[in-house]
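coordinates only, no sequence provided:
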């Protein structure tokens, strides 16, 4: 008794399902991070630009009104007429809640809040940076009551945002900082513009991420379908290879009896007249045809030669129909032949394509009872790059439930069929660069459409 445990089969990997979930998470995460970074970048750039414009405006006003003389004179504390006339502009600007002017010693030289004038502040990082010549910008949500000016009460409900700008004041030569102006504002229009830009960024990244996800999902789903189809083709190829090996093993056993049957029929021809002679001739023709079928069947399992030859499809059709002429006459099956002449050559293996056409005609004849009709046509396609062949019978047709299985190896509806004719036919035609399709309706017969590329 063996102690080896059976090896478990790996679970099939569903590429489409895993990709749909993981890619959605990745695309959503990247889109969110990208939108957040762009929103922050937009906010910082717009706030910085607003601060630069404020600094340029303040510097031009201070220099134009000659308020620099107050700082250069070394005065600090209290109020002066120069400062009052100059900086009162800022206090009355739209959205300004508070304006402070600092001297070099950190004392407030002037303020829109008169109670702050003369006060001196200690360590303040923003003020220190501004005294060092840097433009400093802070922003946030107005939440503290001490930030609300009595002269500028809120008239709107909801959250309001502020900008606190520390503007360094330079002397005329722009060599040293002589003071700092602090402006505390609630620019609603600016923040509304920023919010509109942020909404546009989030909407754009969301739509872009959705489009990217849809495209990638379509590509992966198509690739998954192609891989599944190729896997199915590989399985079918392995089955057909097994058929070739089996045919090769059986061929030697068939050929010897065939040779004996043919030899006996040839001996029967000598000196015989009447019906017996005709029967012997039929036996010889059937043996030759069977020998040819066995030989061609073996060629299915071998690859095509490197160079394909020009083939006349009409000649192959006439030859194949000639092989079945006696059978069709005996069963009273009519033949409608409509072959376009001249027909361009196609490239392929003549022996293999002849076997395919023989198999398709045999299928058509087997599907019909007596008094049926086979119609064979050949045409040049409208694109002038392909040759089209159609073989139609008046048999019972194919059940719609079986249409998806007819090209699978070993699937057959015949009592004595092997189910390898159509799979082998498709394999040969596709190896020649062509295509095969079947149309059928129950009770309406079946039509086999062959498409071959024109030889260049």
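Received it, and whenever you're ready, just let me know what you need. No experiment lies behind these values; they were computed from the predicted model shown. Residues are numbered from 1 along each chain as shown.

got any ranges where the stretch 301-450 of the chain has weak pLDDT?
Scanning the stretch 301-450 of the chain for pLDDT under 70 picks out 301-307, 409-411, 413-420.

can you rerun that using 80?
Regions of the stretch 301-450 of the chain meeting the criterion pLDDT under 80 cover residues 301-308, 351, 369-370, 404, 407-421, 423-424.

quick one: contacts of stretch 163-176?
Applying CB atoms under 8 Å, 6 or more residues apart in numbering, the contact partners of stretch 163-176 are 47, 50-51, 54-55, 58-59, 62-63, 68, 71-72, 126-127, 129-139, 177-187, 190. No exception for glycine: its C-beta is placed from N, CA and C like everyone else's.

so which of those residues are in helices?
Helix and strand membership here follows DSSP state H; of those, those in helices are 47, 50-51, 54-55, 58-59, 62-63, 68, 71-72, 126-127, 129-131, 190.

show the buried residues in those residues.
Among these, those buried by neighbour count (16 or more other CB atoms under 10 Å) are 47, 50-51, 54-55, 58-59, 62, 68, 71, 126-127, 130-131, 190.

what is the mean pLDDT for the helix or strand where residue 256 lies?
Here residue 256 is covered by helix 188-269, with elements defined by DSSP states H and E. Helix 188-269 shows a mean pLDDT of 81 in the predicted model.

could you shift the numbering so residue one becomes 29, and keep it that way?
With 29 as the first residue, the last one maps to helix 216-297.

elements contacting it?
Contact analysis of helix 216-297 by 3 or more CB pairs under 8 Å, 6 or more residues apart in numbering; DSSP states H and E lists helix 43-92, helix 303-327, helix 449-459 as its packing neighbours.

weakest of those helices in terms of mean pLDDT?
Out of the helices and strands packed on helix 216-297, helix 303-327 stands lowest, with a mean of 72 (criterion: mean pLDDT).

who does residue 138 form a beta bridge with?
On DSSP bridges, the residues paired with residue 138 through beta bridges are residue 129.

quick one: pLDDT of it?
Predicted confidence (pLDDT) at residue 138: the value is 85.

TSV for the helices and strands packed on helix 216-297, including distance to residue 389?
Converted to TSV, the helices and strands packed on helix 216-297 look like this (distance: least, CB to CB, whole Å):
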stretch	distance to residue 389
helix 43-92	41
helix 303-327	13
helix 449-459	11
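
deepest-packed of those, please.
A comparison of those by mean neighbour count, using mean count of other CB atoms under 10 Å, puts helix 449-459 on top with a mean of 20.

in its sheet, what does the very next helix or strand once past that one sit against?
Of the helices and strands lying after helix 449-459 in sequence (DSSP H and E), the nearest is strand 463-468. Sheet neighbours of strand 463-468, with direction, are listed as strand 474-481 (antiparallel) (DSSP bridges).

for the partner strand, buried residues please.
Along strand 474-481, these residues count as buried under the neighbour rule (16+ other CB under 10 Å): 474, 475, 476, 478, 479, 480, 481.

contacts only, for the fifth one.
Taking CB under 8 Å, 6+ apart, we find residue 479 in contact with 409, 414, 415, 416, 417, 462, 463, 464, 465.

tell me the secondary structure at the fifth one.
What DSSP: H, G, I helix; E, B strand; the rest coil gives for residue 417 is strand.

surely it meets residue 464?
No - Residue 417 sits out of contact with residue 464 when judged by CB atoms under 8 Å, with a separation of 9.7 Å.

what's stretch 56-74 in contact with?
The set of residues that contact stretch 56-74 without belonging to it, under CB under 8 Å, 6+ apart, is 218, 221, 222, 225, 226, 229, 230, 233, 234, 236, 237.

which ones are touching the third one?
To tie it back to what came earlier, the one meant is residue 222. Counting by CB under 8 Å, 6+ apart, residue 222 makes contact with 70, 71, 74, 75.

now flag whichever of these is closest to residue 388.
In terms of CB to CB, no member of those lies closer to residue 388 than residue 70, at 68.2 Å.

chain center to stretch 211-219: distance?
If you compare the mean C-alpha spot of stretch 211-219 with that of the full chain, they lie 46 Å apart, counting by CA atoms, centre = their mean, to the nearest Å.

then stretch 46-66?
In terms of CA atoms, centre = their mean, the gap separating the centre of stretch 46-66 from the centre of its chain is 17 Å.

can you tell me the helix or strand for residue 190?
Residue 190 belongs to strand 189-198 when assigned by DSSP H and E.

thinking again about what came up before, just the angle between the helix holding residue 284 and helix 449-459, please?
When axes from the mean of the first three to the mean of the last three CA atoms, to 10 degrees is applied, the directions of helix 216-297 and helix 449-459 differ by 120 degrees.
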